[in-house]
Structure formats: structure tokens, C-alpha cells
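Trainee: Quick one, what's the 3D model for this:
(2 chains, ligands or ions: 3)
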Amino acid sequence: MTNPAPVGAVEELPRDKVERFGRELDAVVKRYPPDRKAAAMLPALRIGQEIFGYCSPAVQKLAAERLGVSPARAEEVATFYVMFHTRPLGRHLVEICTNVSCCLTGGERIFEHLKAKLGVENGGTTPDGRITLREVECLGSCGTAPAMLLDEREMIERIDVRKVDEIVGGLK
Amino acid sequence: MSETLILTARWGKPNSAALETYRQDGGYQALDKALGMDPAAIVEEVKKSNLRGRGGAGFATGLKWTFLPKDVRPRYLTINADESEPGTFKDRYIIEHDPHQLIEGIAITCWALDIHLCYVYIRGEFPRQARILEEAIEEARAAGVIGKRLLGKKDFDLDVHVHRGAGAYICGEESALLESLEGKKGYPRLKPPFPAVVGLWGKPTIINNVETIANVPWIVANGGEAFAALGSGKTGGTRLFGVSGHVNRPGVYEKPAAYNLKRLIMEDCGGIPGGRKVKAVIPGGSSSPVLRGDEIDISLEVDAVKAAGSMSGSGGVIVFDDSTCMVRALARIAKFYAEESCGQCTPCREGTSWMEGIVEKIEHGHGTAADVDKLEQLAGNIGGNTICALGDAAAMPVQSFVKKFRDEFLRHTVERRCPFGETGWGLDQTSRPALVGAVRY
Ligand SMILES: Cc1cc2nc3c(=O)[nH]c(=O)nc-3n(C[C@H](O)[C@H](O)[C@H](O)COP(=O)(O)O)c2cc1C
Ligand code: SF4
Ligand code: FES
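Mentor: Ligands and ions are numbered 1, 2, ... in the order given. This next block holds a predicted model:
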């Protein structure tokens, strides 16, 4: 690296996790032609985010290094997509769809309810670091609206206020 | 009427996603047939079938395939499973319930077009669907269906991989999709050249929607003419219509391509909750111009919807009952496009956020009649002046909502508030059991 980074040099990342990152990335890189490794930038950042918690500058640099592209390229990607987080989130990410089909079936009401209940604004994290709440665009579940995404892993459909209270209440 | 179900026949059956189930149902026999055919003859059948792209633009699939330059190799196939157009939720069910039908479609397409590598670009918010598809691909590979030799006998290798997106509507646009697949941010490319000529890694690339390609095995098995006969005019086959919003039975319905929109809503979907009236319908995803409740007695065939002043787009039908505030609905749609504009072109970047701001202002009772005119004017200036079609997609809802519901916009400015208040999203905002799967017609 030429410039000293303000935060997050690759060396600061825990060794064992960096090794795990390398193993998981190697498995994915195989999907692309040998001279097109850079194509694995999205999977690389996703793996990095899963292992290190968020896409810190160090994670971006690590991904760039392994794929043979500039750190600027990794940063460009990390900041473009809404599923990459360049800052730490709460332990859980609760995302409520407020696009049209969801609002026609109560999505906005649910989102407002959660904001009030958790005392956070859109994108905010509860003071205990338990939950980050975010409003998202159409999740492709409009026929089973309203929909939410939990921790970017689990799509939960046909939600209502009671159901989200239960879900949110059960998050540690 | 006949009961031909091309895409949903196996939905909901036990283990419908398993290779075994698919095979028992005659799966991969079309591939076997295709391998005995001249590749050019397969392209001919697809042309004859009147298969048109199900991703939104409705472009003739067979014709698109002929745009590949003759002598350039490698060529690639990419399947668009980004499914991010608000109101659209069909491709995910193909993947969930019947991934092998898609894989067979991919294999036949690749054989027909001499392609040896295919990526399925699936939106990041579909982790479960991505896993199902990866497992199905793995199963097909292990069984020798794809891999070194197609069906274990043809000396033709094919690899298929899943590439997950990470949250960006614009990556559904085909050239942004390619950028994203190359590991970059999703900035659409200037066209021409079109992807069929200069695509992934600069090589000729065919991009088709999931539903489009899932039809290919049936076309090969039954012939292009039989497929064309299921539809009408220049649109062949059946289509998956996803109906959402204020209907009693939301869900995905497989219907002939020229099915009647009103019948779909009032009969198949059981009409409107509480017996209320239809105020408006968006017939093909949020980008398609809105229709008034009295304009929905039309065929959903691509050119028929165009003649009615809208687009059948992605088949995502959104229904609004007469208790909904159309200004509020447009405000949400305008916000979506402002959020999702990639920002490369000034008219789109600035126009979408101006439009959002003005609709919001009107909705909150701070707008004037001049703002309503301004909105139309702004929308008129975006269309046609941009790198990709997102600019038009953002302008069309604004133009159509204002044109068809001008009174309601003006009422907001006269009363200086939203006349619907708390109930702008409708009197009844209850989620109803969805019907997902085969519906007989
Ligand atoms: C802003 C924008 C978003 C799009 N999103 C999708 C999408 O989510 N899925 C899709 O299949 N096509 C989408 N399209 C259309 C694609 O660009 C392309 O036309 C399509 O994938 C081609 O496949 P088809 O001919 O089989 O429809 C989008 C287009 C635009 C302009
Ligand atoms: S029209 Fe909008 S989304 Fe498309 S390239 Fe231009 S700025 Fe980006
Ligand atoms: S509008 Fe919420 S999932 Fe489509």
C-alpha cells in the first residue's frame, strides 16, 4: 500500500479470519475464467463482510489485493451497493419494504411502528447495538406483501405489526 | 380453452426442485431432442414461437439471438434474475419450484448458440433462491447433465454459475448487469454496441430473463408453432402475471399471453377486498404507465397493452382500490427512481430527485397548480436524454399519474393537505393469502 490508511490496514485484521477469507474466496474465484478474477469483487466483499462484520477499508483493501485490482475499485463497489456496509451495524439488520405493493398492504404502518418502538430513524441503530432498522425497496415479494428481510438472509413475508413485534422481540 | 401450463405445472408438488422429480416428469428430454437437432434449427423454432423477452422490454428472443456475430468466440449467456422492478415477483418462484426447467433452458440455449459458459445474475436479496439454484446446478453437474459433456453424451461442455448481486435495481438493466458481473459498480454502458456484439468481458453476450429461458424446453419439445398458438399476435406462449396490491387473491398466475386484464383481477384474483372499485392498475411493473379503473378491459398481449397506452413490461400487475391516494402512490414510486438512479446522466440524476421533491410537496399540501404542470414538464425532459432506460422508466409513471389523476393532484393543492389523510394507502391494508402456482384457465 502506498498511502498510510487512516483506518483499517489489512495487517490489523485477525490472521485466522484472513485465512478463512482466503479459503472461501478461492472457492468462489473458480467460477470465473482465470484471467477474470476481478469479477469476484462482489462475492469477495460479501465474504469479507460476513467474516469481519462490515466492509471496512481494510476489508476492501484485502479484497482488492487478492483480486489484483486497486483499492479504489473495491471502495467504488463497496459504496455503490446497498447490501455492502462500510460502517458497523447493529447485531441484527431489520429491513422493511415500503415500496408500493407493501404499503398497499400495511408496510408503511409497520415501518413507522418499528421506528417508534425501537426509537430510531431510518438507518439508525438502537443504543444497545442490538438492531439496525432500515427501509428498503421492493424485495420481490409483492404477492406476499408486506415483506421484510432479516440479516440479509431470511425473507419474511406477509408480516404485520404483531408478527414483527414477535420477530424483533426475539432478536438477541 | 386448453389448460397448457408451461411454467407452473410442477409448482407446489413435493420435491419439485429435485432433478429426480423433473426427470420423472419428462425433464431433460427436450435437451436430448435438441442435441439431435441442428443448432440453427433450434433458433428457427424459437423465432417461430414468437417468444418475447419477459424481463420488461418484450424484445423477440429468436431475433436477439441472431445478433451474435458469426465468428467471434467465446460467447456468453447471462440470465437476468435480478427481479427488482417493483411489483414483479415471478422469476423467484421458477427458481424455487422448478430450477431444472431453467437449467434445461440454459443448456438448450447454449447448445443452440455455441456457448460454453453461463452466469445467472440473481439479486442479493434472494439468498435462499440462490442456494436452491446452486444446489440444482450442482445436482445437474454431478448427474452429468451439464459439465464436460451435455447429458453425458454430446461432446459439448457447459458450465453454469450463480452470481449474486448486492442490492441495486439498476443492475437489472442489462449493461449494468454486465458491469456488476465483471466486479464493478452497476453503471449502464452506452449502446450501441449492444451486448450481443460487445458484452461480458468485451465478448458477444446474450442476456435473457429467467422466465424467457424457462420457456425454451417446451418450445423445443412441442415446436415453435404450438407455442405461438398459445398467445396471439406477435406474442407467443403463456405468461406469468404477478398480481399484488388491493386484490382478494394476490399471487402469480400463468395465463395465455393475451389474457384479459380485468378478468385476471376480477375473476382469478377474486376482485377487490370489501367489494370496492378498482381505481387504478399498473399493468407491468412500476415503470409502466398507470391505467384508470375504466381502462382495464384489455388484452395483456404486449402490443395490445402498448396500444392502450401502457406496457405489459415484467407482468407485475399492481391494483389500487378507490380508497387509495394516487399522489401518495406516485410519491413512493418517484422516491424509488430517485434512490435507484445511478447518477451518471444529469437529466436522470437531477430530474428524478426534483420529481420526487415536487410530488412529496404536493402530497403534503404545500404544492400549487404550477407544481403539477412543472412535474409534467420535468418528466418530459428526462425521457430520451439518458444512457439507459431508467430515465424513461422514472418519467412514465409521473406523466401517466398526472395525466389520469390530475383532479386528485389539484385537490391536494386546493385543500392544502392530502384529502385521504391517514388512509392514503387505502382503507384496508390487510395482507391476504397469496396464490402462488398453477391456476387453471
Ligand atoms: C432500469 C432497468 C431495470 C431492469 N430490471 C430488470 C430485471 O430486474 N429483470 C429482467 O429480467 N430485466 C430487467 N430489465 C430489462 C433488461 O435490461 C433486459 O432487457 C432483459 O433482461 C432482457 O431479457 P429478455 O429479453 O429475456 O426480457 C431492466 C431494464 C431496465 C432499464
Ligand atoms: S438514465 Fe439514470 S440510471 Fe440510467 S445510466 Fe443514466 S443516470 Fe444512470
Ligand atoms: S413492494 Fe414490497 S416486496 Fe415488492
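Trainee: Please, which helix or strand holds residue A:44?
Mentor: Under the criterion of DSSP states H and E, residue A:44 resides in helix A:41-52.
Trainee: buried residues in that helix?
Mentor: By 16 or more other CB atoms under 10 Å in any protein chain shown, the buried positions in helix A:41-52 come out as A:41, A:42, A:43, A:44, A:45, A:46, A:47, A:48, A:49, A:51, A:52. Every residue, glycine included, has its C-beta placed from N, CA and C.
Trainee: and which of those is nearest to ligand 2?
Mentor: Of all those, ligand 2 sits closest to residue A:42, with 18.7 Å by CB to the nearest ligand atom.
Trainee: residues contacting that closest one?
Mentor: Contact analysis of residue A:42 by CB atoms under 8 Å, 6 or more residues apart in numbering or on different chains lists A:77, A:81, B:163, B:164, B:165, B:166, B:180, B:183.
Trainee: Which ones among those lie within helices?
Mentor: Mapping those onto helices (DSSP state H) picks out A:77, B:180.
Trainee: Go through the contacts of residue A:42 and say which is closest to ligand 3.
Mentor: Nearest to ligand 3 among the contacts of residue A:42 is residue B:165, at 15.8 Å by CB to the nearest ligand atom.
Trainee: what's around that closest one, how many residues?
Mentor: Using other CB atoms under 10 Å in any protein chain shown, residue B:165 has 25 other residues around it.
Trainee: give the contact list for it.
Mentor: Contacts of residue B:165 by CB under 8 Å, 6+ apart are A:42, A:81, B:82, B:121, B:122, B:123, B:124, B:171, B:180.
Trainee: what's the most distant pair in those residues?
Mentor: Maximum pairwise distance in the contacts of residue B:165, criterion CB to CB, is 13.8 Å, between A:81 and B:122.
Trainee: These two: who's more crowded?
Mentor: The residue with more neighbours, out of residue A:81 and residue B:122, is residue B:122; 25 against 21, by other CB under 10 Å.
Trainee: check contacts around the residue nearest to that one when sequence neighbours are not counted.
Mentor: Leaving aside its chain neighbours, residue B:122 sits nearest to residue B:81 (4.0 Å; criterion: CB to CB, 6 or more residues apart in numbering or on different chains). Residue B:81 sits next to B:91, B:92, B:95, B:120, B:121, B:122, B:123, B:126, B:129, B:133, B:210 when contact means CB under 8 Å, 6+ apart.
Trainee: Count the residues that sit near the third one.
Mentor: Summarising burial for residue B:95: neighbours were counted as other CB under 10 Å, giving 27.
Trainee: surely it meets residue B:133?
Mentor: Yes - at 5.1 Å, residue B:95 counts as touching residue B:133 under the criterion of CB atoms under 8 Å.
Trainee: between those two, what contacts are shared?
Mentor: Taking CB under 8 Å, 6+ apart as the contact rule, residue B:95 and residue B:133 both touch B:81, B:102, B:122.
Trainee: Tell me how far residue B:414 lies from ligand 2.
Mentor: Residue B:414 sits 34 Å away from ligand 2, going by CB to the nearest ligand atom, to the nearest Å.
Trainee: Now do the host helix or strand of that residue: which elements does it pack against?
Mentor: Taking DSSP H and E as the definition, residue B:414 sits inside helix B:406-415. Packing partners of helix B:406-415 (3 or more CB pairs under 8 Å, 6 or more residues apart in numbering or on different chains; DSSP states H and E): helix B:326-340, helix B:346-363, helix B:369-382.
Trainee: tally of neighbours for the residue of the stretch 301-441 of chain B at minimum distance from ligand 1?
Mentor: Nearest residue of the stretch 301-441 of chain B to ligand 1: residue B:389, at 3.6 Å (CB to the nearest ligand atom). By other CB under 10 Å, the residues close to residue B:389 number 17.
Trainee: Go ahead and confirm it touches residue B:173.
Mentor: Yes - at 6.8 Å, residue B:389 and residue B:173 qualify as touching, with contact defined as CB under 8 Å.
Trainee: re earlier: with pLDDT and distance to ligand 3 as extra columns, can I get the buried residues of helix A:41-52 in TSV?
Mentor: TSV is the format used below for those (pLDDT from 0 to 100; distance: CB to the nearest ligand atom, whole Å):
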residue	pLDDT	distance to ligand 3
A:41	98	27
A:42	98	22
A:43	98	25
A:44	98	28
A:45	98	24
A:46	98	22
A:47	98	27
A:48	98	28
A:49	97	23
A:51	97	29
A:52	96	30
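Trainee: ok, which stretches of chain A are strands?
Mentor: According to DSSP state E, chain A carries its strands in the segments A:92-97, A:131-136, A:147-150, A:154-157.
Trainee: near ligand 3 at all, the lengthiest strand in chain B?
Mentor: Counting by DSSP E, the longest strand found in chain B is strand B:238-245. No - contact of strand B:238-245 with ligand 3 (CB under 6 Å from any ligand atom) is absent, the minimum separation being 6.9 Å.
Trainee: one step back: from the shared contacts of residue B:95 and residue B:133, which is closest to residue B:195?
Mentor: residue B:81 (16.3 Å).
Trainee: Check chain B for the residue nearest ligand 3 and tell me.
Mentor: For chain B, the residue closest to ligand 3 is residue B:86, as judged by CB to the nearest ligand atom, at 5.3 Å.
Trainee: Make sure that residue is indeed in a strand.
Mentor: No - counting by DSSP: H, G, I helix; E, B strand; the rest coil, residue B:86 falls outside a strand, being coil.
Trainee: That's all I had, so thanks and see you.
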